[in-house]
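K.L.:
let's see this in three dimensions:
(4 chains)
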There are 4 protein chains.
Amino acid sequence: MPSQSLETVVAEIAAEMAARPDRGQVATYIPELGRVDPNQFAIAVALPDGSVVCAGDCATFFSIQSVSKVFTLTLALGLAGDRLWNRVGREPSGSRFNSIVQLEHERGIPRNPFINAGAIAITDLILSGHKPREALAEILRFMQFLADDDSVYIDQAVAASEERTGFNNRALANFMKGFGVIENPVEYVLGVYFHHCAIAMTCRQLAKAGTFLAHLGKNPATGNSVVTAERAKRINAVMLTCGHYDGSGEFAYRVGLPGKSGVGGGILAVVPGKASVAVWSPGLDASGNSHLGRIALERLTARMGWSIFGAPADMGVG
Amino acid sequence: MPSQSLETVVAEIAAEMAARPDRGQVATYIPELGRVDPNQFAIAVALPDGSVVCAGDCATFFSIQSVSKVFTLTLALGLAGDRLWNRVGREPSGSRFNSIVQLEHERGIPRNPFINAGAIAITDLILSGHKPREALAEILRFMQFLADDDSVYIDQAVAASEERTGFNNRALANFMKGFGVIENPVEYVLGVYFHHCAIAMTCRQLAKAGTFLAHLGKNPATGNSVVTAERAKRINAVMLTCGHYDGSGEFAYRVGLPGKSGVGGGILAVVPGKASVAVWSPGLDASGNSHLGRIALERLTARMGWSIFGAPADMGVG
Amino acid sequence: MPSQSLETVVAEIAAEMAARPDRGQVATYIPELGRVDPNQFAIAVALPDGSVVCAGDCATFFSIQSVSKVFTLTLALGLAGDRLWNRVGREPSGSRFNSIVQLEHERGIPRNPFINAGAIAITDLILSGHKPREALAEILRFMQFLADDDSVYIDQAVAASEERTGFNNRALANFMKGFGVIENPVEYVLGVYFHHCAIAMTCRQLAKAGTFLAHLGKNPATGNSVVTAERAKRINAVMLTCGHYDGSGEFAYRVGLPGKSGVGGGILAVVPGKASVAVWSPGLDASGNSHLGRIALERLTARMGWSIFGAPADMGVG
Amino acid sequence: MPSQSLETVVAEIAAEMAARPDRGQVATYIPELGRVDPNQFAIAVALPDGSVVCAGDCATFFSIQSVSKVFTLTLALGLAGDRLWNRVGREPSGSRFNSIVQLEHERGIPRNPFINAGAIAITDLILSGHKPREALAEILRFMQFLADDDSVYIDQAVAASEERTGFNNRALANFMKGFGVIENPVEYVLGVYFHHCAIAMTCRQLAKAGTFLAHLGKNPATGNSVVTAERAKRINAVMLTCGHYDGSGEFAYRVGLPGKSGVGGGILAVVPGKASVAVWSPGLDASGNSHLGRIALERLTARMGWSIFGAPADMGVG
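P.N.:
Reported below is the predicted structural model:
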């Protein structure tokens, strides 16, 4: 049982992170992201009663990047159902986020929805039958609905920056198109993809947006049902095994929660039955995950006794 | 909340499995295993009070094969501590159990302790400074201690069968030896490896042996402490991400528990805070995991509401 | 020593090929190529005196496709000299013509100039500092000069067909662009690439165009010097080791000459000191090389005693 | 036409090589080879009249290592004929000499007879139906016959050294055995393999032994016929495309002759119709080929106008 209140733990962690000299490296491969100040840190824990425990720069908007893939997967499952899994696998890839090797060996079928290739294929599914502008608007509305906040927006400068430099993603999309895995025109799909990766949110908003994953598909505070309980659990399972590319095993080992990171420095983590947690710090570690974000989550789960792999005896899994 | 008692659910599942015509294929690459009758099925759920809920052929001994890797990892962590991770990674491999490709790309360091190469490297660690016979005796005693049953034994016919045919494992071991990852003579290491894979247990014994993983490193019934709480959680994390080779994502998605399968048809699964579950049915699916075993676990977790990825609201993770 | 004259051998081979029912499969991945009649065959042997011994459909224009890569390599060596080899390797790849795996492992540097990725990088070199239209005009003029025939042209329908469907090449080009190996805009490079692959020539023209490679860089009939003797030999060496993708060893083994095939069914082969040979038949074998073309070359070299790997005693290499 | 006599060229090259400070690195992975003095160099050119033009340490015995693979291939083709190619491919691998990756992708079939895996499979063919001692004696007698010199011997210290340290080769052999590609017991096959790699010869002997490859399968001086003309050409073709592992393209590009290198520092090169050349210098370059040996061959072929890819106009291929 934790000896401290959640509020105290969260505040302590924010103070500890602020004091550290090691900040990681801000991503530079998307030039616009390279301009973000690395001396920022935020943590937000959204609870089932609708309250959010925050510390640090919790009201600062940042580019959620690949964290958006959790939400586009959710949206695409709603549109296509389990047919989606004919187009994208759900196994860890053992490879970097942008590897194309596995795609060649498996004839254009991405290993999972969280590597870049998989997320692009998911975007193609969402796009089907719509114009890019419409599909993008739907994704944005979904994020605003989940965060219960209309100020969530798309950072056009970041999207434009990635459109100019996203050669690797263009390679992945064309490669899949060559295998018939992508149905819409490549530039349409990439346009939507680059823009949904450029969604800007605060840590508070992101934590709220993830709440349905912690509570069997529903937001307990609002009563809104987003997905079925079974689907929520399964999305969590994919986050656990595939959410951090070739650092997924490490994240499971150290943090012990389903999580999804983004190159903007954000991480969303899910504590089933308990909380949705967002952390943000722009500096990345060697695997491309937020350096301080990972450390903060490791401390949070250790101090709160939050791990899906073992819980204090009086709070066992049901 | 489950509407049925555990006893009823377990009995129902055993009856359903007995009635199915699809049994999978018994492994034949170890000739001795190919002689096992596929019309067998067992399920055993070990509870924290020391009781075990069983159905089917729960008293029949079977070859645990790769399930033994969970226990050799536990033992090796006790001997070497976290230095172990210098010799073996903890990331999913994205490859089959016996793949050698990753080993070449990563200079002889196996991706995780549950693929064959990793388990062989772990065996080498256990062997250090001992004679093969002594190391093997220590592993066997450990299993008997965990199962609280001295009838656990090593099936010499199975071990001899694998010694005669285990060319792929011999390739893996020599390959690692070439990189200096294996320290002891290859044939010593393989001798111990083949024999601990040939440990024979009943489903009841296996479920009991896994109890410490479900309860933060301790067996609540006996009070025996096996590992620290942190280590127990981390072993569970590795089981979740790596326990079923290139089917690990699928198992997490469908069953939602840390688990480890063996080619003998056994699977050990851990319900943190609640139970340790063993299932056994000799027929395998295309990925080399027990066909009926996986289905049985999927039904068990669905009916009992047991998943680490989301639990009924009143039984959340602590 | 051959017992028959070259004219007789060439005529016989054409007759034998015309009689065969097995024609291979016409390439369909470029839709426009899929419309070519498979019942065509041509062979042309260009001799140092400027004469050409022909049989079959030697005056029919066909799409030379990847055979153009020999000539763009020659042109690029003239422009960049041996600096070219900083951007492209010269080792056989052991992979299919369109594989992207090797590119990822070797950070965007293609293995050789004859796989698609390598030829795209070569095209980028030729393009440097020019407009696509100019670069393309230069390539076409070079082909007309070598063939000594202004009727060589670019088949716009084939180029347009590949532009619509060339997703894999677009993937390769973007992938290299991501590594900085391609300097010009991807669509410019691909535009030139697709168009030079769409060059249409007759077998007679192609054989003449290859003459400089058989005679130490000079066309003996015209006296035109195209490259130095050393460079001619080295281009031949690259053709021998890399000219048929993952079928290069097979071609060397069976035909024993430097050669380059194209998916349009053409093959250019070089008999050093003796002749330049072009064959054409649209049906391909499983490796994507002209089925009858390869057989025809095998017969030609056997009957004429033409092989670089051993020659009748009185005609040894100098 | 060369302006100098062969004798002068050979003597000059030996003098130039003796004067160079860069000697490469002597192989150390076989400990016994690591003791060889790097300040040695030899070159021998065997002519069709039976004479040998030599310079440097031409009478010093060295370990021919992988150069032996040319001769075991020749022997195995004599025993098994073209059935051999069902067990071993003949394409360049694009990989290092000891890579196991390709073996996994292609189910245990080695790419060609000159990478280690392929040579081990060839040794297994030679062994069939014999005792290891007999097979080895046959290989040794074949070398003595070809060299026309009974002093060729097997260096037992080198063989024993490799038996103690050859873990990678043991991995390759077991891996193939697991796929059923190796028929005899692994240790028998490796015993013969390690010993034929340990054959010790002088440069003069090695050049003589390769004479049949330069002259359509016959030794013109003795009149002995070793293989058919077709087979000799085809062995040369495999040497050209596969003889230097992942440096085969480079060797073809720079030297322009079929050749086979060994880690002992020897290289055998074939000038069809003209000569068989052996060079030896123990220091290796980064690709594992003799550093000075390669340079010496490059100078020899340049100065003598010897290249299979283009010859002075008056000495064309027949």
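K.L.:
show me which positions of the least confident helix or strand in chain A by mean pLDDT end up buried.
P.N.:
Between all helices and strands in chain A, the lowest mean by mean pLDDT, DSSP states H and E belongs to helix A:101-105, at a mean of 82. Judged by neighbour count using 16 or more other Cβ atoms under 10 Å in any protein chain shown, the buried positions of helix A:101-105 are A:101-104. In short, each C-beta sits where N, CA and C put it, glycine included.
K.L.:
return the nearest residue of the stretch 51-200 of chain A with respect to chain B.
P.N.:
residue A:94 (3.1 Å; Cβ to the nearest Cβ).
K.L.:
ok but that residue is inside a strand, no?
P.N.:
No. Using DSSP: H, G, I helix; E, B strand; the rest coil, the assignment for residue A:94 is coil, not a strand.
K.L.:
show me what residue of the stretch 51-200 of chain A gets nearest to chain D.
P.N.:
The stretch 51-200 of chain A approaches chain D most closely through residue A:105 (8.6 Å), counting by Cβ to the nearest Cβ.
K.L.:
give me the buried positions along the longest helix along chain A.
P.N.:
Secondary structure of chain A per DSSP state H: the longest helix is helix A:132-147. Using 16+ other Cβ under 10 Å as the test for burial, helix A:132-147 gives A:132, A:135-136, A:138-140, A:142-147.
K.L.:
give me phi/psi at residue A:50?
P.N.:
Dihedral pair for residue A:50: phi 100, psi -10, per degrees, to the nearest 10.
K.L.:
can you give me the neighbour number for it?
P.N.:
13 (other Cβ atoms under 10 Å in any protein chain shown).
K.L.:
same question, residue A:19
P.N.:
The local packing of residue A:19 (other Cβ under 10 Å) involves 7 other residues.
K.L.:
could you do residue A:51 as well?
P.N.:
Residue A:51, neighbours per other Cβ under 10 Å, totals 11.
K.L.:
for residue A:162, give its distance to chain C.
P.N.:
12 Å (Cβ to the nearest Cβ, to the nearest Å).
K.L.:
so the residue of the stretch 151-300 of chain A found nearest chain B, which of the three states?
P.N.:
Across the stretch 151-300 of chain A, no residue is closer to chain B than residue A:273, which sits at 2.2 Å (Cβ to the nearest Cβ). Secondary structure assignment for residue A:273 (three-state DSSP): coil.
K.L.:
how about the residue nearest to the spatial centre of chain A, what does it touch?
P.N.:
Residue closest to the average C-alpha location in chain A (Cα atoms, centre = their mean): residue A:67, at 2.1 Å. Contact analysis of residue A:67 by Cβ atoms under 8 Å, 6 or more residues apart in numbering or on different chains lists A:206, A:260-262, A:264, A:266-268.
K.L.:
ok, and the closest non-adjacent residue to it?
P.N.:
Leaving aside its sequence neighbours, residue A:67 sits nearest to residue A:262 (Cβ to Cβ, 6 or more residues apart in numbering or on different chains; 4.1 Å).
K.L.:
likewise residue A:158?
P.N.:
Beyond its immediate neighbours in the sequence, the residue positioned closest to residue A:158 (Cβ to Cβ, 6+ apart) is residue A:198, lying 4.1 Å away.
K.L.:
the one you found: neighbour count?
P.N.:
26.
K.L.:
before we move on, what about the one 3 residues further on?
P.N.:
If you count neighbours by other Cβ under 10 Å, residue A:201 ends up with 29.
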